[in-house]
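Enquirer: One predicted model, sequence on top.
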Amino acid sequence: VAPNGVFVGARHAMREGMVARITYQGPIRAPIAQGQRIAKLVVEAPGVPAREYPLVAGRRVGGANWFAQAWVGLMRTFGGGAP
């Protein structure tokens, strides 16, 4: 989530070419503390410099137990589409 509000104002002509993307160094591994900075929102529009907004974890995310870690490992090994 954005720790502060995000407001991007632009003329109509600029909004047509506006692009917003989230960038991060991944994978993001648990545990993650609430409020920990984990990514940034980058907003780009034609003719203006890109704007960046920090994104933080909205809540705490604990680590997985041994069974969940083993399951993810198996799914990755056998192509099961694990996160």
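Expert: Arrived safely, thanks for sending. Here the structure is a predicted model, which means the values were calculated and not measured.
Enquirer: make it CA atoms for all contacts and neighbour counts henceforth
Expert: Fine.
Enquirer: mind listing the strands for this protein?
Expert: 19-23, 37-45, 48-56 (DSSP state E).
Enquirer: JSON lines for those, including mean pLDDT, mean neighbour count and distance to residue 72?
Expert: Listed next are the strands of the chain as JSON lines, based on pLDDT from 0 to 100; neighbours: other CA atoms under 10 Å; distance: least, CA to CA, whole Å:
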{"stretch": "strand 19-23", "mean pLDDT": "94", "mean neighbour count": "12", "distance to residue 72": "24"}
{"stretch": "strand 37-45", "mean pLDDT": "94", "mean neighbour count": "17", "distance to residue 72": "22"}
{"stretch": "strand 48-56", "mean pLDDT": "92", "mean neighbour count": "15", "distance to residue 72": "25"}
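Enquirer: Compare the ones you listed and report which one is nearest to residue 29.
Expert: Closest of the strands of the chain to residue 29 is strand 37-45, at 10.0 Å (criterion: CA to CA).
Enquirer: Describe which strands that closest one pairs with in its sheet and in which direction.
Expert: strand 19-23 (antiparallel), strand 48-56 (antiparallel) (DSSP bridges).
Enquirer: Mind checking the ones you listed for the one nearest to residue 31?
Expert: Closest to residue 31 of the strands paired with strand 37-45 is strand 48-56 (CA to CA; 13.5 Å).
Enquirer: Show me where the chain has its helices.
Expert: Along the chain, counting by DSSP state H, helices occupy 12-15, 66-77.
Enquirer: lowest-confidence stretch among those helices?
Expert: Least confidently modelled of these is helix 12-15, at a mean of 71 by mean pLDDT.
Enquirer: Apart from its neighbours in sequence, what residue is nearest residue 28?
Expert: residue 38 (7.5 Å; CA to CA, 6 or more residues apart in numbering).
Enquirer: Would you format the helices of the chain as JSON lines with mean neighbour count included?
Expert: Listed next are the helices of the chain as JSON lines, based on neighbours: other CA atoms under 10 Å:
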{"stretch": "helix 12-15", "mean neighbour count": "12"}
{"stretch": "helix 66-77", "mean neighbour count": "12"}
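Enquirer: Out of those helices, which is closest to residue 6?
Expert: The nearest among these, by CA to CA, is helix 12-15 at 15.4 Å.
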